[in-house]
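>>> coords below, sequence missing:
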């Protein structure tokens, strides 16, 4: 038995918990880790009071997961967590994804996605627990740690928890729910921006109330031969020319694409100035994929959530979840990252892509 919304429910199948998506970022001279903890459940429809039954054999059960987020201090030498605490800045309980980034000397920020609150928080029937339409998934921004004295309330970076919204809220089709997710944040001249989509590349900027406006749109030919539309993963970091050895500064980020029930993840390079055109894509990242415990047809899944430069060792650190089961951190030298990018204008199909920046 488990308790869902204050009511006991008989569970026929339960696995977990698993540590899934992980984000690890630098905060001053130390590191902070955010990790998602997940339980997966399955139960008979007939075991839930007033729940609609189905004559379809594959719909005898319903399945769902429960998620919590923990924030941990980290040993800077071993990158292992030292102490963790559950973290949820909201009053509703559907926390799912998190990514962390530092914001222009303002502190450490967390961006997470969540389903909105249900129509009836105490209910168990589908018509009660359904999301308040048309939204099914929404991004949020919250300051996790601040630098120095208490923040100025008038500072748009210090507004507490802020819902980010770019779409108008008009569902494109009758009954279809809207999802806003997989945005990649980046900082330019002290201001926060997001890559809202990648092909074409759409750059948006949030206002203090969370409403986002489109500032730039540019073509992204480097993604044209992927098997699916690219979606975002991590923050994009400014890579100084002195670090990379290249002619100019640029931003480095990560996107993913789906291929035959598998995730492939790619680095990309983006101009360090407006319109922030994406001009290079790497070969698939050499990280460890895993089979999803709840959906075995997803045989090869990994999801990077954070990206960090380590100038002292000339490395790039990637925090990611493998198979929605194991949190992992990958350290790559800059030479290893650079070798994944093509060094000619036209790359072979399946490898990286490069256009003139």
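Now that the structure is in, tell me what you want to look at. All values derive from a computational prediction rather than experimental measurement.
>>> contacts, neighbours, all on C-alpha from now
Fine.
>>> Averaged pLDDT, the longest helix seen in the chain. What do you get?
With secondary structure taken from DSSP state H, the chain has its longest helix at helix 334-339. Helix 334-339 comes out with an average pLDDT of 97.
>>> now do stretch 276-295
Averaging pLDDT along stretch 276-295 gives 90.
>>> buried sites along it?
276-284, 287-294 (16 or more other Cα atoms under 10 Å).
>>> Can you give the distance of the longest helix of the chain from its chain's centre?
Put simply, helix 334-339 sits 23 Å off its chain's centre (Cα atoms, centre = their mean, to the nearest Å).
>>> And the contacts of that helix?
By Cα atoms under 8 Å, 6 or more residues apart in numbering, the residues outside helix 334-339 that reach it are 244, 314-316.
>>> one more time with 6 Å, if that's ok
314-315 (Cα atoms under 6 Å, 6 or more residues apart in numbering).
>>> Ok, stretch 246-256 next?
230-234, 236-241, 264-272.
>>> Name only those of those residues that count as buried.
So, by 16+ other Cα under 10 Å, the buried ones in the contacts of stretch 246-256 are 230-234, 236-239, 264-272.
>>> May I see the buried residues of stretch 311-319?
315-319.
>>> any idea of the mean pLDDT for stretch 72-90?
For stretch 72-90, the mean confidence score works out to 89.
>>> How about stretch 110-126?
Across stretch 110-126, pLDDT averages out at 70.
>>> which residues of the stretch 101-250 of the chain score low on pLDDT?
For the stretch 101-250 of the chain, the stretches with pLDDT under 70 are 101-106, 116-133, 147-159, 169, 171-175.
>>> residue boundaries of the helices in it?
Along the stretch 101-250 of the chain, counting by DSSP state H, counting those that start in this stretch, helices occupy 126-129, 241-244.
>>> continuing past the last one, what's the next helix or strand?
Scanning the chain past helix 241-244 towards its C-terminal end, the next helix or strand to appear is strand 250-258 (assignment: DSSP states H and E).
>>> Please determine how far residue 56 is located from residue 337.
Using Cα to Cα, to the nearest Å, residue 56 is found at 48 Å from residue 337.
>>> Please identify which of these two sits among more neighbours.
Counted by other Cα atoms under 10 Å, residue 56 and residue 337 do not tie: residue 337 has more neighbours, with 18 against 7.
>>> Can you get me a residue count around residue 219?
Neighbourhood size, residue 219 [other Cα under 10 Å]: 15.
>>> Not counting sequence-adjacent ones, nearest residue to it?
residue 200 (4.7 Å; Cα to Cα, 6 or more residues apart in numbering).
>>> tell me the contacts of the one you found?
218-220.
>>> Save those as JSON lines, and put in distance to residue 300 too.
Shown next, in JSON lines, are those (distance: Cα to Cα, whole Å):
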{"residue": "218", "distance to residue 300": "31"}
{"residue": "219", "distance to residue 300": "29"}
{"residue": "220", "distance to residue 300": "26"}
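>>> From these, which land in strands?
In this view, these that belong to strands under DSSP state E are residue 218.
>>> which one of the contacts of residue 200 sits closest to residue 37?
Ranked by distance to residue 37 (Cα to Cα), the contacts of residue 200 are led by residue 220 at 34.8 Å.
>>> Can you name the residues that contact residue 269?
Per Cα under 6 Å, 6+ apart, neighbours of residue 269: 251-252, 278-280.
>>> one more time with 10 Å
236-239, 249-254, 276-282, 341, 354, 357 (Cα atoms under 10 Å, 6 or more residues apart in numbering).
>>> now residue 227
With Cα under 10 Å, 6+ apart, residue 227 has these contacts: 257-260, 264, 350.
>>> next one: phi and psi at residue 57?
Main-chain torsions, residue 57, degrees, to the nearest 10: phi -60, psi -40.
>>> Before we move on, what's the pLDDT of the residue lying closest to residue 38 once chain neighbours are set aside?
Leaving aside its chain neighbours, residue 38 sits nearest to residue 67 (4.6 Å; criterion: Cα to Cα, 6+ apart). Turning to residue 67, the model gives it a pLDDT of 78.
>>> follow-up on the earlier one: mind checking which of the contacts of residue 269 are in strands?
Using DSSP E, 237-239, 250-254, 278-282, 354 are the members of these that sit in strands.
>>> how about these in JSON lines, adding distance to residue 72?
Shown next, in JSON lines, are the ones in strands among the contacts of residue 269 (distance: Cα to Cα, whole Å):
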{"residue": "237", "distance to residue 72": "22"}
{"residue": "238", "distance to residue 72": "25"}
{"residue": "239", "distance to residue 72": "26"}
{"residue": "250", "distance to residue 72": "30"}
{"residue": "251", "distance to residue 72": "27"}
{"residue": "252", "distance to residue 72": "25"}
{"residue": "253", "distance to residue 72": "24"}
{"residue": "254", "distance to residue 72": "23"}
{"residue": "278", "distance to residue 72": "33"}
{"residue": "279", "distance to residue 72": "35"}
{"residue": "280", "distance to residue 72": "34"}
{"residue": "281", "distance to residue 72": "32"}
{"residue": "282", "distance to residue 72": "31"}
{"residue": "354", "distance to residue 72": "38"}
